[in-house]
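Chemist: quick one: sequence plus predicted model below, questions after.
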Amino acid sequence: MNTTKHKHLKLDQSKIDRAKRLLGAKTEQETIERALDLVLQEEAILAAHRRVKAVGGFEAVFR
């Protein structure tokens, strides 16, 4: 579902500028959209980490 709404937010400009450079985005709008897309793509990985943590976490195998 793609719904676009106008939002008025106070954001750290230096973070937006840095993300814009890293993502190669042309506009601040594109920067924020792409950053949100990246977070949402990580959803499955974050869920897997939570499941592993719930059953005891990770074992340090490389010491």
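Modeler: Sure thing, it's come through.
Chemist: beyond the lengthiest helix in the chain, next helix or strand please.
Modeler: Longest helix of the chain, by residue count under DSSP state H: helix 28-41. Later in the chain than helix 28-41, the nearest helix or strand by DSSP states H and E is helix 43-54.
Chemist: now find how far off-centre that following helix is within its chain.
Modeler: Relative to the chain's own centre, helix 43-54 is displaced by 15 Å; criterion: C-alpha atoms, centre = their mean, to the nearest Å.
Chemist: and what of stretch 31-45?
Modeler: 4 Å.
Chemist: pLDDT of that stretch, averaged?
Modeler: The predicted model gives stretch 31-45 an average pLDDT of 93.
Chemist: name the residues of that stretch that are buried.
Modeler: Using 16 or more other C-beta atoms under 10 Å as the test for burial, stretch 31-45 gives 31, 32, 34, 35. C-betas here are computed from N, CA, C, even on glycine.
Chemist: which pair in the residues you listed spans the largest distance?
Modeler: 32 and 34 (7.4 Å; C-beta to C-beta).
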